[in-house]
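>>> below: sequence and its predicted model.
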Amino acid sequence: MNLEQIFSDHLAEQHDLFAKHVNAQLVRVLRTIGFDKQYVRAQGAYLYDQHGAQYLDCLAGYGVFNMGRNHPTIKAALHDALDRDLPNMVQMDAPLLAGVLAKRLLEKIAVPNIDTVFLTNSGTEAVEAALKFVRCASGRARVLYCTQAFHGLSHGSLSCNGAAEFRTGFEPLLPGCEAVRFGDLAALEAALRDGDVAAWIVEPIQGKGVHCAPPEYFNEAIRLCHRYGALVIADEVQTGLGRTGKWFAFQYWNEVPDLVCVAKALSGGFIPVGAACCPRRVYDRVFSSMDRCVVHSNTFGRNTLAMVAGLAALEVIEDEGLIANAARRGEQILNGLREMATRYEMVKEVRGQGLMIGIEFGKPKSLKLRTGWELVQRLNKGLFGQLIVVPLLSKHRILAQVAGHNTIIKLLPPLVLSDADVDWILTAFDDVIAACHQFPGAAWEVGKELAKKAINQSLP
Ligand code: PLP
């Protein structure tokens, strides 16, 4: 196989190939908003296109690249593992590296009762395992999840998804899964009262929209769950491994969850891996006899390269002080954006923790701007967010995303950001937000153009 040849033969047809054989609608979106770049190299927090232009990656592969892309330590560990010709996926054995990764991960979780790990290939698979385990351990069928929640898109996780747009077309979903309003303790208690709930699953910060709740909410919610005999699953697939300024976001609370789901950054940005971490009493109910030793299992979950990537990722996050950097850079960005909120009326709220940040825009008060806002909303509900992310990329070379609700922009950069990167982000936001506070103006014209393109563009 000659990679060089593949790149030189096919680079020009990159988007056409993807549209033809993988996902045409995604390519249509990329082309409409001008995100159809050709990134050919990546390092740390940066992507580079075929002309050598540098982009700041504030999407980080949906939160995979906490350590930055192509980290040399992780690459070296993977090369080393390959060069050793290690036995891999023997299956009828107990791989050493799986045991070591589980031990080290549990040390970071640091909840004495959480002492076993089921290794998976992805975040949604970690959630699936957790859902099966709590049902099996409790003998109860009901699972509570939060409005706006996102736990992955396989069927069990989707049954705990708080957004209609993901669920539609895939029903019926798993019976017994019920939404409770995020942040609403009374609703949670009402749902728990019959004493038949297996678990409440929750993201410490909701990824779709970066919705936060104070630690008191989580503390009281956990106490309530335990009072009614329900387990608590903290889905730390996105918030975990330093993202929020602690190893895990639940470490901001006083109470602790019973199960913790991890994935994304555990991959080191290379090999998919996830984990459902749970207490022995849950584990023992599931794997209750020798007959049931693989009653929940998978083929690739403990594969060597995934274990190596996980071990190297933990080491890099620790050794390079990335958690403290996430806290520090996050505070700088939050402060900078909050200062902008005092100057720009459409910035409704800036929220988040560490390097998981949401900027919510809202309807302006002044008449002129309101005309623009309403026009854009009428053209397309999803359009306003694009007025921000499109110039962020085209003018400032910052890759960011519209999160959940269409007026929320989310930043999820690698945890390796420097002072200069923070300046890059704040300067760009100031410019882009200032532009959309001038109506009529170029920013709003971009909106109209996008709407026209979206209507006119036929499928590639
Ligand atoms: N849980 C949370 C909180 C997530 O943010 C995600 C993905 O974004 C998942 C689960 C699903 O992870 P994966 O995409 O690896 O299946």
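Arrived safely.

>>> tell me, how many residues neighbour the residue in the stretch 251-400 of the chain positioned nearest to the ligand?
Minimum separation of the stretch 251-400 of the chain from the ligand (CB to the nearest ligand atom) falls at residue 263, amounting to 4.8 Å. From N, CA and C alone the C-beta is placed, and that goes for glycine too. By other CB atoms under 10 Å, the residues close to residue 263 number 28.

>>> do I have it right that it meets residue 237?
Yes: the criterion here is CB atoms under 8 Å, and residue 263 meets it with residue 237 at 4.6 Å.

>>> overlap in contacts, those two.
Both residue 263 and residue 237 are in contact with 123, 126, 274, where contact means CB atoms under 8 Å, 6 or more residues apart in numbering.

>>> just put these in JSON lines and tack on neighbour count.
Below are the shared contacts of residue 263 and residue 237 laid out as JSON lines (neighbours: other CB atoms under 10 Å):
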{"residue": "123", "neighbour count": "31"}
{"residue": "126", "neighbour count": "34"}
{"residue": "274", "neighbour count": "28"}
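
>>> out of these, which touch the ligand?
Residues of these in contact with the ligand (CB under 6 Å from any ligand atom): residue 123.

>>> how near is the residue of the stretch 251-400 of the chain closest to the ligand to residue 151?
11 Å (CB to CB, to the nearest Å).

>>> okay, and the common contacts of these two?
123, 237.

>>> that older thread, helices - which of the shared contacts of residue 263 and residue 237 land there?
Within these, residues falling in helices by DSSP state H are 123, 126.

>>> would CSV of the shared contacts of residue 263 and residue 237 with pLDDT be doable?
Below are those laid out as CSV (pLDDT from 0 to 100):
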residue, pLDDT
123, 98
126, 98
274, 98
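
>>> turn the shared contacts of residue 263 and residue 237 into JSON lines, columns for distance to residue 211.
Formatted as JSON lines, the shared contacts of residue 263 and residue 237 follow (distance: CB to CB, whole Å):
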{"residue": "123", "distance to residue 211": "18"}
{"residue": "126", "distance to residue 211": "21"}
{"residue": "274", "distance to residue 211": "23"}
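
>>> now, among the shared contacts of residue 263 and residue 237, which is nearest to residue 25?
Within the shared contacts of residue 263 and residue 237, distances to residue 25 taken as CB to CB reach their minimum at residue 123, with 22.7 Å.

>>> what does the stretch 51-200 of the chain put close to the ligand?
Proximity of the stretch 51-200 of the chain to the ligand, by CB under 6 Å from any ligand atom, involves residues 62, 122, 123, 124, 127, 150, 151, 152.

>>> measure the first one to residue 79 for me?
Pointing back at residue 62 there. Distance, residue 62 to residue 79, by CB to CB: 26 Å.

>>> for residue 276, grab phi and psi.
phi -110, psi 110 (degrees, to the nearest 10).

>>> check what pLDDT it gets.
The predicted local distance difference test score for residue 276 is 98.

>>> quick check: it touching residue 116?
No: using CB under 8 Å, residue 276 is not in contact with residue 116, being 9.1 Å away.

>>> who has more neighbours out of the two?
residue 276 (28 against 19).

>>> quick one: contacts for that one?
117, 118, 120, 126, 127, 129, 130, 133, 259, 260, 261.

>>> go again with 7 Å.
By CB atoms under 7 Å, 6 or more residues apart in numbering, residue 276 lies in contact with 118, 120, 126, 129, 130, 133, 259, 261.

>>> redo the residues you listed as a markdown table? Include secondary structure.
Formatted as a markdown table, the contacts of residue 276 follow (DSSP: H, G, I helix; E, B strand; the rest coil):
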| residue | secondary structure |
| --- | --- |
| 118 | strand |
| 120 | strand |
| 126 | helix |
| 129 | helix |
| 130 | helix |
| 133 | helix |
| 259 | strand |
| 261 | strand |
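
>>> farthest pair in these?
For the contacts of residue 276, the maximum inter-member distance is 12.8 Å, found between 120 and 259 (CB to CB).

>>> which one's more surrounded, residue 62 and residue 79?
The neighbour count for residue 62 versus residue 79, taken as other CB under 10 Å, is higher for residue 62 (14 against 11).

>>> need phi/psi at that one.
phi 60, psi 30.

>>> cool, and residue 176?
Phi and psi for residue 176, reported as degrees, to the nearest 10, are phi 90, psi 0.

>>> my guess is it meets residue 140, correct?
No: counting by CB atoms under 7 Å, residue 176 stays clear of residue 140, with 8.5 Å between them.

>>> more crowded one of the two?
For residue 176 versus residue 140, the count of surrounding residues by other CB under 10 Å is larger for residue 140: 19 against 16.

>>> now do the nearest residue to the more buried one once chain neighbours are set aside against residue 256, distance only.
Of all residues not flanking residue 140 in the chain, residue 198 sits nearest, at 4.0 Å (CB to CB, 6 or more residues apart in numbering). Residue 198 is 18 Å from residue 256, where distance means CB to CB.

>>> so for these two, which residue has more residues nearby?
Counted by other CB under 10 Å, residue 198 and residue 256 do not tie: residue 198 has more neighbours, with 23 against 20.

>>> list the contacts of that one.
134, 135, 138, 140, 141, 142, 143, 230, 231.

>>> mind checking the SS state of it?
Three-state call for residue 198 (three-state DSSP): strand.

>>> so that it lines up with my notes, have the first residue be 17 from now on.
New numbering, starting at 17: the last item is residue 214.

>>> which residue does the stretch 117-266 of the chain bring closest to the ligand?
Closest contact between the stretch 117-266 of the chain and the ligand, by CB to the nearest ligand atom, is at residue 139 (2.2 Å).

>>> that residue reaches residue 168, doesn't it?
Yes: the criterion here is CB under 7 Å, and residue 139 meets it with residue 168 at 5.3 Å.

>>> longest single helix anywhere in this structure?
Counting by DSSP H, the longest helix found in the chain is helix 338-359.

>>> can you give me the buried ones in it?
338-339, 341-346, 348-350, 352-353, 356-357 (16 or more other CB atoms under 10 Å).

>>> also stretch 80-98?
For stretch 80-98, by 16+ other CB under 10 Å, it's 80, 81, 82, 83, 84, 85, 87, 90, 93, 94, 97.

>>> what is the nearest of the residues you listed to the ligand?
Within the buried residues of stretch 80-98, the smallest distance to the ligand is 8.5 Å, found for residue 80 (CB to the nearest ligand atom).

>>> which residues touch the closest one?
Taking CB under 7 Å, 6+ apart, one finds 280, 281, 283, 285 in contact with residue 80.

>>> distance of it from residue 56?
19 Å.

>>> over to residue 246?
According to CB to CB, residue 246 and residue 56 sit 49 Å apart.

>>> and the residue of the stretch 367-476 of the chain closest to the ligand?
Closest to the ligand within the stretch 367-476 of the chain is residue 428: 9.7 Å, counting by CB to the nearest ligand atom.

>>> near that residue, how many other residues are there?
If you count neighbours by other CB under 10 Å, residue 428 ends up with 27.

>>> what's near enough to touch the residue nearest to residue 273 when sequence neighbours are not counted?
Excluding its sequence neighbours, the residue lying closest to residue 273 (CB to CB, 6+ apart) is residue 250, at 3.8 Å. Counting by CB under 7 Å, 6+ apart, residue 250 touches 218, 220, 266, 273, 276.
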